[in-house]
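Peer 1: Sequence plus the predicted model coming up.
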Amino acid sequence: MIDLPEKQPGEKGWGQKVGAIWSWKNQLASDYPDEIFYGKGAKGKSVLMTLTYLKETQHPEFHRPIAECSRMARDIYELARIEPLTTTVLRKAILKGDKTRKHAFAKALVELQVTLNIVRSNAPEITSDTWVRFDEQYRE
């Protein structure tokens, strides 16, 4: 149970309770990088799991080679493969101002997470979603 108030009528944003939970997903993975994984599971749902579960269950079931991913996912991966990049930088580089493909970009980013090709950086100094290769962060 989380002892924080729900979002109040007229309150902007997520409210204290959801805001806290949303920040914990990143903080837990950052504070305990050898124990906790945060990423996307089936159907792109956010998941927290132990690294043991990731290694024994999640990775064998969901990992797909980058060659099997969509064209846009492969393009995003190629940029993140070279260096860690934020969502904003990746979106600008891939879409080049074409806002009609914004949904396709978001879908490709989730695809890369579900297939365990990229993951949010666990570096404690990172405050915005910054993407790195999965195998760079989880070498085993």
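Peer 2: Noted; the coordinates are in hand.

Peer 1: From the contact counts, what lies against the helix ranked longest in the chain?
Peer 2: In the chain, with assignment by DSSP state H, the single longest helix is helix 16-31. Counting contacts by 3 or more CB pairs under 8 Å, 6 or more residues apart in numbering; DSSP states H and E, helix 16-31 packs against strand 36-40, strand 46-50. (Each C-beta comes from the backbone N, C-alpha and C, glycine too.)

Peer 1: quick one: buried residues of stretch 90-109?
Peer 2: 90-91, 94, 101, 104-105, 108-109 (16 or more other CB atoms under 10 Å).

Peer 1: Could you say which one of the helices and strands packed on helix 16-31 comes nearest to A123?
Peer 2: Closest approach to A123 among the helices and strands packed on helix 16-31 (CB to CB): strand 36-40, 13.2 Å.

Peer 1: Find the helix or strand that P124 is a member of.
Peer 2: Secondary structure assignment for P124, by DSSP states H and E: no helix or strand.

Peer 1: isn't it right up against Y32?
Peer 2: No: contact criterion CB atoms under 8 Å: P124 and Y32 do not qualify, at 11.1 Å.

Peer 1: Double-check that I76 belongs to a strand.
Peer 2: No: under DSSP: H, G, I helix; E, B strand; the rest coil, I76 falls outside any strand and is assigned helix.

Peer 1: mind checking which helix or strand of the protein has the lowest mean pLDDT?
Peer 2: helix 16-31 (a mean of 80; mean pLDDT, DSSP states H and E).

Peer 1: quick one: buried residues of it?
Peer 2: Those would be 25-26, 28-30, for helix 16-31 by 16+ other CB under 10 Å.

Peer 1: all helices of the chain, in order?
Peer 2: With DSSP H as the criterion, the chain has helices spanning 16-31, 51-53, 59-62, 71-82, 87-95, 102-114, 134-137.

Peer 1: rewinding a little: as TSV, the buried residues of helix 16-31 with distance to E68 would be great.
Peer 2: Formatted as TSV, those follow (distance: CB to CB, whole Å):
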residue	distance to E68
K25	27
N26	28
L28	30
A29	26
S30	30
